[in-house]
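# Fold the following and give me the result.
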Amino acid sequence: MAKDIAIDARGVWKVFGKRADEAMAAVRSDGIGKAEVLKRFNCVVGVADATFQIERGELFCVMGLSGSGKSTLVRHINRLLEPSAGQIMVGVVSRKW
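Next comes the predicted model:
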(Lines give C-alpha, C1' and ligand atoms only; values in the text may rest on other atoms or scores of the structure.)
Protein backbone atom coordinates (compact mmCIF):
# COMPACT_ATOMS: atom_id res chain seq x y z
CA MET A 1 0.00 0.00 0.00
CA ALA A 2 1.36 3.40 -0.99
CA LYS A 3 2.06 5.94 1.75
CA ASP A 4 1.69 9.70 1.53
CA ILE A 5 5.18 10.62 2.76
CA ALA A 6 5.81 14.23 3.82
CA ILE A 7 9.46 13.82 4.92
CA ASP A 8 11.79 11.02 3.87
CA ALA A 9 15.26 10.90 5.49
CA ARG A 10 17.74 8.27 4.36
CA GLY A 11 21.14 7.65 5.92
CA VAL A 12 21.61 11.25 7.07
CA TRP A 13 24.96 12.14 8.60
CA LYS A 14 26.31 15.50 9.73
CA VAL A 15 29.97 15.84 10.62
CA PHE A 16 31.28 19.24 11.77
CA GLY A 17 34.91 20.31 11.43
CA LYS A 18 37.63 21.30 8.97
CA ARG A 19 38.28 17.67 8.03
CA ALA A 20 34.63 16.62 7.85
CA ASP A 21 34.97 15.11 4.36
CA GLU A 22 37.92 12.95 5.45
CA ALA A 23 36.10 11.92 8.61
CA MET A 24 32.97 10.97 6.66
CA ALA A 25 35.08 8.89 4.26
CA ALA A 26 36.64 7.04 7.23
CA VAL A 27 33.19 6.44 8.74
CA ARG A 28 32.12 4.81 5.46
CA SER A 29 35.29 2.82 4.77
CA ASP A 30 36.39 1.86 8.30
CA GLY A 31 33.11 2.06 10.22
CA ILE A 32 34.60 4.32 12.91
CA GLY A 33 32.34 5.90 15.55
CA LYS A 34 31.94 9.33 17.12
CA ALA A 35 34.85 9.00 19.55
CA GLU A 36 37.26 7.88 16.82
CA VAL A 37 36.11 10.68 14.48
CA LEU A 38 36.89 13.21 17.20
CA LYS A 39 40.26 11.62 18.03
CA ARG A 40 41.52 11.12 14.46
CA PHE A 41 40.03 14.13 12.66
CA ASN A 42 39.08 16.61 15.42
CA CYS A 43 35.53 16.57 14.03
CA VAL A 44 32.20 16.14 15.77
CA VAL A 45 29.45 13.80 14.56
CA GLY A 46 26.18 15.72 15.00
CA VAL A 47 23.86 13.19 13.34
CA ALA A 48 24.74 9.56 12.63
CA ASP A 49 22.87 7.57 10.00
CA ALA A 50 19.33 8.89 10.65
CA THR A 51 16.73 7.11 8.54
CA PHE A 52 12.99 7.69 8.93
CA GLN A 53 9.79 8.61 7.13
CA ILE A 54 7.03 10.89 8.34
CA GLU A 55 3.63 10.46 6.74
CA ARG A 56 1.49 13.48 5.91
CA GLY A 57 -0.57 14.37 9.01
CA GLU A 58 1.50 12.14 11.30
CA LEU A 59 2.75 13.46 14.64
CA PHE A 60 6.48 12.77 14.98
CA CYS A 61 8.61 13.40 18.05
CA VAL A 62 12.39 13.75 18.18
CA MET A 63 13.65 12.92 21.67
CA GLY A 64 17.07 12.56 23.21
CA LEU A 65 19.54 13.79 25.76
CA SER A 66 21.11 17.22 25.57
CA GLY A 67 23.73 17.22 22.82
CA SER A 68 22.38 14.14 21.06
CA GLY A 69 21.67 15.88 17.73
CA LYS A 70 17.96 16.75 17.89
CA SER A 71 18.34 20.38 16.84
CA THR A 72 20.91 19.47 14.19
CA LEU A 73 18.48 16.94 12.72
CA VAL A 74 15.62 19.46 12.63
CA ARG A 75 17.91 22.04 10.98
CA HIS A 76 18.42 19.52 8.17
CA ILE A 77 14.68 19.14 7.65
CA ASN A 78 14.13 22.92 7.41
CA ARG A 79 17.25 23.25 5.21
CA LEU A 80 19.32 25.41 7.53
CA LEU A 81 21.96 22.67 7.23
CA GLU A 82 22.87 20.29 4.45
CA PRO A 83 23.87 16.74 5.38
CA SER A 84 27.44 15.49 5.09
CA ALA A 85 25.94 12.29 3.66
CA GLY A 86 22.49 10.92 2.93
CA GLN A 87 19.42 12.80 1.80
CA ILE A 88 16.27 14.41 3.14
CA MET A 89 13.31 14.85 0.84
CA VAL A 90 10.39 17.05 1.85
CA GLY A 91 7.02 16.83 0.13
CA VAL A 92 7.69 13.40 -1.36
CA VAL A 93 4.98 11.95 -3.59
CA SER A 94 3.04 8.86 -2.50
CA ARG A 95 5.02 5.64 -2.97
CA LYS A 96 6.20 2.49 -1.27
CA TRP A 97 9.55 2.48 0.52
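# Val74 falls within a strand, correct?
No. If the criterion is DSSP: H, G, I helix; E, B strand; the rest coil, then Val74 is helix and not within a strand.
# what's the closest non-adjacent residue to it?
Spatial nearest neighbour of Val74, chain neighbours left out: Val62 (6.6 Å); criterion: CB to CB, 6 or more residues apart in numbering. Using the backbone N, CA and C atoms, a C-beta is placed for each residue, glycine as well.
# Can I take it that the one you found is in a strand?
No. Assessed with three-state DSSP, Val62 is coil; it does not lie in a strand.
# Please identify the buried residues of the biggest helix by length in the chain?
The longest helix of the chain (DSSP state H) is helix 20-30. For helix 20-30, the neighbour count (16 or more other CB atoms under 10 Å) marks 20, 23-24, 26-27 as buried.
# now those as JSON lines including pLDDT and distance to Lys34?
Formatted as JSON lines, the buried residues of helix 20-30 follow (pLDDT from 0 to 100; distance: CB to CB, whole Å):
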{"residue": "Ala20", "pLDDT": "97", "distance to Lys34": "13"}
{"residue": "Ala23", "pLDDT": "97", "distance to Lys34": "10"}
{"residue": "Met24", "pLDDT": "96", "distance to Lys34": "12"}
{"residue": "Ala26", "pLDDT": "97", "distance to Lys34": "12"}
{"residue": "Val27", "pLDDT": "96", "distance to Lys34": "9"}
